[in-house]
Every structure is written in structure tokens, then in C-alpha cells.
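Novice: Provided below are the primary sequence and the corresponding predicted coordinates.
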Amino acid sequence: MDKRGARHVHVPRGRIAPRYRLINPDARLIMTYRLYYSPGACSLAVHVVLEEIDTPFVLHEVSVARGETQQSAYLAKNPKGRVPVLEIPSEGTPLTELPAILVYLARRHPEAGLLPASPIAEARVLEWLAWLADWVHGVGYGELWRPQRFCAQDPTPHEALRANGRRIVHEAYGTIEQKLGDGRQWAVTSGFSIADPFLLVLYRWGNRIGMHMREHYPAWSAHTQRMLERPAVKRTLEREAISIG
């Protein structure tokens with residue numbers, strides 16, 4: 001049991017999650033989110049933010065590796081066949097797309113301080129999210145891991161696409177290291193924000209593709225270490241049963 005008066009519920013594949021069961025009869029459940037996620041995918045960033053904002057939520061695992069995001073039951077929720085998906089009790093339609101979900105949660109829960117109050121500082125956070133989601137994740141890792149998205153009918157150029165995706169990732173990671181190397185503690189100088197969990201995801205992916213992150217990206221590695229010291233990140237990694245290295 002945690003201080004929110006409700007138990008976290010992790011839902012095995014193919015089962016429907018129950019609502020939170022209130023432990024404290026005086027606790028009032030205002031909202032229970034349901035996050036559809038795949039361990040270690042970009043949905044990890046949303047999972048971290050849900051822990052950071054300290055609000056009740058339910059987890060439902062949908063494994064990308066096992067093709068569960070392409071099954072009819074999931075496609076009925078998100079025809080794009082990707083994670084994350086966030087169900088919001090007040091909304092009839094689930095919310096999709098990582099930047100949209102992160103911004104919604106930050107604005108819906110301003111007390112967590114995950115978006116700066118200054119318009120320009122907020123814009124800097126959105127600048128990070130747009131570039132990381134569209135270019136680094138969407139194009140770089142998209143070409144590297146899923147070249148068929150860019151050329152489905154003819155597999156001939158797939159190897160060239162993978163090579164180009166790796167080049168994009170390497171160049172982008174150099175840019176990230178340079179930005180984090182100017183002495184800042186977090187993605188934006190105003191403090192911790194919704195951009196930082198996304199950087200944690202990409203750091204982990206760098207290790208997955210053999211980029212030796214700790215050796216070649218010291219500033220980013222220091223940022224990751226600060227992330228790993230946050231209780232919300234520790235809980236998230238434990239619940240997804242994954243590590244960063």
C-alpha cells in the first residue's frame with residue numbers, strides 16, 4: 001500500500017484491470033488512469049510521470065515484442081497500434097502519442113511542477129519533446145528498428161534505412177550530450193520536467209544498440225544517475241522489471 005490510499009494494480013497480458021481498491025475508507029478517488037505500456041518502450045516515460053505526480057493509476061501490459069499491439073483488442077483502443085495509450089475516466093476516447101500524454105499529465109497536475117510556469121521555459125520543454133519524439137525516436141529508431149514502416153513493399157532498402165537510422169541516432173546523441181554538458185542538471189535549466197523521463201528512455205535504448213553510453217556520454221550519464229536516484233524512477237523500473245544498463 002502507498003500513501004495514496006490505494007494499491008497499484010499490474011495487469012497481466014490479456015486480463016482486464018480492476019479499479020483501485022481503496023484501502024483508506026476516508027480516501028476519495030478522484031481519478032484513476034489506466035496506462036497501456038510495453039516494458040522499456042517509450043511508454044516508460046509516461047509510467048515515470050504517473051509515479052512523479054503521485055496519482056492513482058492502473059497498468060496494463062501490452063508487449064510490443066510479442067506483437068500484442070497489433071492484436072484486434074488493442075487496435076480497437078489505438079488503431080495506430082503503438083504504445084503508450086492513456087485512458088482517462090472523464091474521456092470517452094483514450095489519449096495516444098507520448099508528447100500529448102506527457103503534456104496532459106503535467107498540465108492536469110500542476111502541483112507536481114513538471115512544466116515550468118514561464119512560457120519560454122515551457123516552450124523549451126516542448127522543443128525537447130518534439131525533437132526527441134519526431135526525429136530521434138520516430139525517424140532514427142524508426143529506421144533502425146522498423147525500416148518496414150518507411151518501405152513496406154520492397155525490403156531491398158531496409159539495410160540502408162537501418163544504417164541511416166543509426167547515423168541519425170548517433171548524431172542526435174552527440175547533440176544531447178552537448179546540451180547536457182553545459183552544467184545544467186536537467187533537460188531544461190528551470191528544473192526537472194516531462195522531458196527528462198524521455199531522455200532516460202533514449203539513454204536505455206542507446207545501451208541496447210551498443211553505444212556504450214557511460215563511456216561516451218558522461219554528461220548524459222550523470223543526468224541518468226540523477227534520474228535513477230528519484231524514487232519514482234526506482235519504482236517504475238522495478239514494476240517494469242527492467243534496468244537501464
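Specialist: Great, that's in hand. No experiment lies behind these values; they were computed from the predicted model shown.
Novice: switch to C-alpha atoms for all contacts and neighbour counts from now on
Specialist: Will do.
Novice: Ramachandran angles for the one residue sitting closest to the centre of the chain?
Specialist: The centroid of the chain falls nearest to residue 45 when counting by CA atoms, centre = their mean (2.3 Å). For residue 45, the backbone dihedrals are phi -60, psi -40 (criterion: degrees, to the nearest 10).
Novice: what sits against it?
Specialist: Counting by CA atoms under 8 Å, 6 or more residues apart in numbering, residue 45 makes contact with 194, 197-198, 200-201.
Novice: Please repeat the previous calculation with a cut-off of 6 Å.
Specialist: Residue 45 makes contacts with 197-198, as judged by CA atoms under 6 Å, 6 or more residues apart in numbering.
Novice: How is residue 120 assigned, secondary-structure-wise?
Specialist: Here residue 120 is helix, with the state taken from DSSP: H, G, I helix; E, B strand; the rest coil.
Novice: the helices in the protein, which residues?
Specialist: 43-53, 72-75, 98-108, 119-131, 142-145, 158-180, 195-208, 213-216, 218-228, 231-240 (DSSP state H).
Novice: Just the pLDDT for the residue nearest to the centre of the chain.
Specialist: The model reports residue 45 with a pLDDT of 98.
Novice: Could you do the one 3 residues further on as well?
Specialist: In this model, residue 48 is scored at 98, pLDDT.
Novice: Report the contact partners of it.
Specialist: Residue 48 sits next to 233, 236 when contact means CA under 6 Å, 6+ apart.
Novice: any idea how far it lies from residue 114?
Specialist: Using CA to CA, to the nearest Å, residue 48 is found at 11 Å from residue 114.
Novice: and what of residue 233?
Specialist: From residue 233 to residue 114 the distance is 14 Å (CA to CA).
Novice: How about residue 243?
Specialist: Distance from residue 243 to residue 114, by CA to CA: 24 Å.
Novice: Can you list the low-confidence ranges for the protein?
Specialist: 1-30 (pLDDT under 70).
Novice: Residue 206: neighbour count?
Specialist: By other CA atoms under 10 Å, the residues close to residue 206 number 19.
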